[in-house]
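Engineer: what shape does this take:
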Amino acid sequence: MSRGTLIEIANELVDQYGCRDTVVDDSDDRIVEAIRGAVALRAVADDLLARLTSQAERVGVAKHAGMSLRELLSANGVAPALASRLIRLGRAIHVLPRVARHSRDATLSAEHLDAVARGVEHVVRRTGEPVDSETIAALEVDLVGQAVAGTTPAAIVERARTAAIELTECEPGGDEPDRVPPAEDAALNELGWHTTDDGRLHGTFEFDALTGERLITALDTASRPRPEPDGSEDARPAARRRADAFGQLLECGTRGLSPDALSGPPHTEILVTIPLDIDIATTAVNASTASLTWMGPITELSAKLLACDARLAGVGVDLNGAPVSVAAPEPRLFTGAARKVVLLRDRCCIKCGAPASWCDVHHIVHHADGGPTTVDNGCLLCRSCHTAVHHDGWQVIMGADRHPWLMPPASVDPRRRPLPAYNRRTMRIDDPIAA
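Structural biologist: Below is the predicted model:
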């Protein structure tokens, strides 16, 4: 299909669809034909943009403007993800002849061609094969053939990874020792993070296949939707469930390796810095000026959340930030027999039913407000539900039946009717307020 033909199709599309609210000819065949024409037109535009991007890189247009090539494209209306793809495709069409031909003829989408380019780049980087070698030429033929056959871009990249593993393996009987393929080489693992302007943590990581499999398996298991006892669906989106699961995995991973490790308190000690003119004995859970070692200032709500089931040490600092005193935390964690009794009574998170081994013991009356560390003042909450109690308006009360009850915020139930603990919601129980 020539460019002239594609332009004619584009003009037809504009005439028929571009300036009208309704379609005159809405037959299935005509709509499918129009979709194909629009896809081909998009491929032509992507090819043109990729070649112009390559030319801009070769001439140094972005450098003359004092910015990166990606920034130049973004400044001219190209989305960041598309800008990265255009840069890769623009470079690939100069070294991969089949990619260049399919891009020029608009016979494959930019996404498929980019997947081929990424796959070849991966194999070249991991194996050291020259890009003009027969091995890479054969790989390009294979990957382009997969794209023509309709294989998804993700599957094309995975096929290239498989090829890289096969190429890095030694021939049977060879003298060279087996090499660990890059996908499985833990020595290449990296993890980094930085704190954003609004005090959140943003990070990137690259793990070997085995570590990645463990992570995904653990998150997949821990982030599965948990329906309510009445059968209603888990309202949390998948990304939120995975984030909650990751926090819970960290929580479980830091618990002490004691005989009751699954039910023991967290082993991690949280260090909180405190201005000198604040009461050290209460700042760790009351002062909005408290600050964490890594993440900086925290609010009273978060400080109280930490105080429930973590080891906290308050460090007083003077006006110049120099430490002058340390407040040793009072014994306040639920440990030993008290914790075991709470686990026996509640059996799981009282709000969502998460396993008891995931849970903190929450002080119903906050320890900072004088709440004692006793069975009748404790209840099990998983990390995400614990956060909801401290931050989102949920309230826990101890009923006359000596079991914890939940009072939802008005945004969930305007009447704020008490709910029994998760393991007791199928039972007929009197209202604890009335009792």
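
Engineer: how about low-confidence regions in this structure?
Structural biologist: 1-26, 168-185, 210, 229-230, 254-291, 293-296, 298-332, 426-435 (pLDDT under 70).

Engineer: please parse it into its domains.
Structural biologist: 3-168, 262-327, 336-424 (automatic domain parsing).

Engineer: looking at the ones you listed, which is buried most?
Structural biologist: domain 336-424 (a mean of 18; mean count of other C-beta atoms under 10 Å). For every residue, glycine as well, the C-beta is placed using N, CA and C.

Engineer: what about it, start to end distance?
Structural biologist: Start-to-end span of domain 336-424 (C-alpha to C-alpha, to the nearest Å) is 25 Å.

Engineer: show me where the stretch 1-150 of the chain has its helices.
Structural biologist: With helices called from DSSP state H, counting those that start in this stretch, the stretch 1-150 of the chain shows them at 3-13, 28-59, 61-64, 69-75, 80-92, 97-105, 110-127, 134-148.

Engineer: make TSV from the domains of the chain and add distance to Asp208 to it.
Structural biologist: Listed next are these as TSV, based on distance: least, C-beta to C-beta, whole Å:
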stretch	distance to Asp208
domain 3-168	12
domain 262-327	26
domain 336-424	27
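
Engineer: can you tell which of those domains is closest to Thr221?
Structural biologist: Of all these, it is domain 336-424 that lies closest to Thr221, at 10.9 Å by C-beta to C-beta.

Engineer: quick one: Val361 from Ala62, how far?
Structural biologist: With distances taken as C-beta to C-beta, to the nearest Å, Val361 is found 57 Å from Ala62.

Engineer: test my guess that Gly399 contacts Trp405.
Structural biologist: Yes - if you go by C-beta atoms under 8 Å, Gly399 and Trp405 touch, sitting 4.8 Å apart.

Engineer: just to revisit the earlier point, to Gly231, which of the helices of the stretch 1-150 of the chain lies closest?
Structural biologist: For these, distance to Gly231 was read as C-beta to C-beta. The smallest value, 39.2 Å, belongs to helix 80-92.

Engineer: hey, what's the angle from the closest one to helix 28-59? Just curious.
Structural biologist: Orientation of helix 80-92 against helix 28-59 (axes from the mean of the first three to the mean of the last three C-alpha atoms, to 10 degrees) gives an angle of 70 degrees.

Engineer: run through the neighbouring helices and strands of helix 80-92.
Structural biologist: For helix 80-92, the contact count by 3 or more C-beta pairs under 8 Å, 6 or more residues apart in numbering; DSSP states H and E identifies helix 28-59, helix 69-75, helix 97-105, helix 110-127 as packing neighbours.

Engineer: adding distance to Asp198, write the ones you listed out as CSV.
Structural biologist: As requested, those are arranged in CSV below (distance: least, C-beta to C-beta, whole Å):
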stretch, distance to Asp198
helix 28-59, 33
helix 69-75, 23
helix 97-105, 41
helix 110-127, 33
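
Engineer: and those helices: which comes nearest Arg200?
Structural biologist: The nearest among those, by C-beta to C-beta, is helix 69-75 at 23.4 Å.

Engineer: Arg240 and Leu215, how far apart?
Structural biologist: Arg240 is 17 Å from Leu215, by C-beta to C-beta.

Engineer: wait, which of the domains of the chain is closest to Leu249?
Structural biologist: Of the domains of the chain, nearest to Leu249 by C-beta to C-beta is domain 336-424, at 9.1 Å.

Engineer: coming back round to it: mind checking the helices and strands packed on helix 80-92 for the one nearest to Ala337?
Structural biologist: helix 110-127 (55.7 Å).

Engineer: how many residues are close by the nearest residue to Glu206 once chain neighbours are set aside?
Structural biologist: Nearest in space to Glu206, with sequence neighbours left out and distances taken as C-beta to C-beta, 6 or more residues apart in numbering, is Glu190 at 4.9 Å. Counted with other C-beta atoms under 10 Å, the neighbours of Glu190 add up to 8.

Engineer: equivalent analysis for the one 4 residues further on, please.
Structural biologist: Using other C-beta under 10 Å, His194 has 8 neighbouring residues.

Engineer: okay, and the beta partners of it?
Structural biologist: Beta bridges link His194 to His202, judged by DSSP bridges.

Engineer: how far away is it from Gly203?
Structural biologist: Distance, His194 to Gly203, using C-beta to C-beta: 7 Å.

Engineer: give the contact list for Arg238.
Structural biologist: I think there's a mix-up here, since residue 238 is Ala and not Arg. When contacts are counted by C-beta atoms under 8 Å, 6 or more residues apart in numbering, Ala238 touches Ser223.

Engineer: what distance do you get for it to Cys252?
Structural biologist: 21 Å.

Engineer: mind checking how far the residue nearest to Glu206 is from Thr204?
Structural biologist: Using C-beta to C-beta, Glu190 is found at 8 Å from Thr204.

Engineer: repeat that for Gln248.
Structural biologist: Taking C-beta to C-beta, one finds Gln248 at 22 Å from Thr204.

Engineer: which one's more surrounded, the two?
Structural biologist: More neighbours surround Gln248 than the other of Gln248 and Thr204, with 22 against 9 (other C-beta under 10 Å).

Engineer: phi first, then psi, for the more buried one.
Structural biologist: phi -70, psi -40 (degrees, to the nearest 10).

Engineer: shouldn't it be in contact with Cys382?
Structural biologist: Yes - applying C-beta under 8 Å, one finds Gln248 in contact with Cys382, separated by 6.2 Å.

Engineer: which neighbours do the two have in common?
Structural biologist: Ala354, Trp358.

Engineer: which residues in this protein form strands?
Structural biologist: For the chain, the strands defined by DSSP state E occupy 190-195, 201-206, 269-275, 291-292, 296-297, 311-317, 323-327, 360-363, 378-381, 395-398, 404-407, 419-420.

Engineer: now do the end-to-end distance for stretch 87-105.
Structural biologist: Distance between the two ends of stretch 87-105: 19 Å, counting by C-alpha to C-alpha.

Engineer: stretch 145-163 too?
Structural biologist: Terminal residues of stretch 145-163 are spaced 15 Å apart (C-alpha to C-alpha).

Engineer: again, but for stretch 213-232
Structural biologist: 31 Å.

Engineer: residues in contact with that stretch?
Structural biologist: 207, 233-234, 236, 238, 241-242, 244-246, 248-249, 352-354, 422, 425-426.

Engineer: go with 7 Å
Structural biologist: Here stretch 213-232 makes contact (C-beta atoms under 7 Å, 6 or more residues apart in numbering) with 207, 233-234, 241-242, 244-246, 248-249, 352-354, 422, 425-426.
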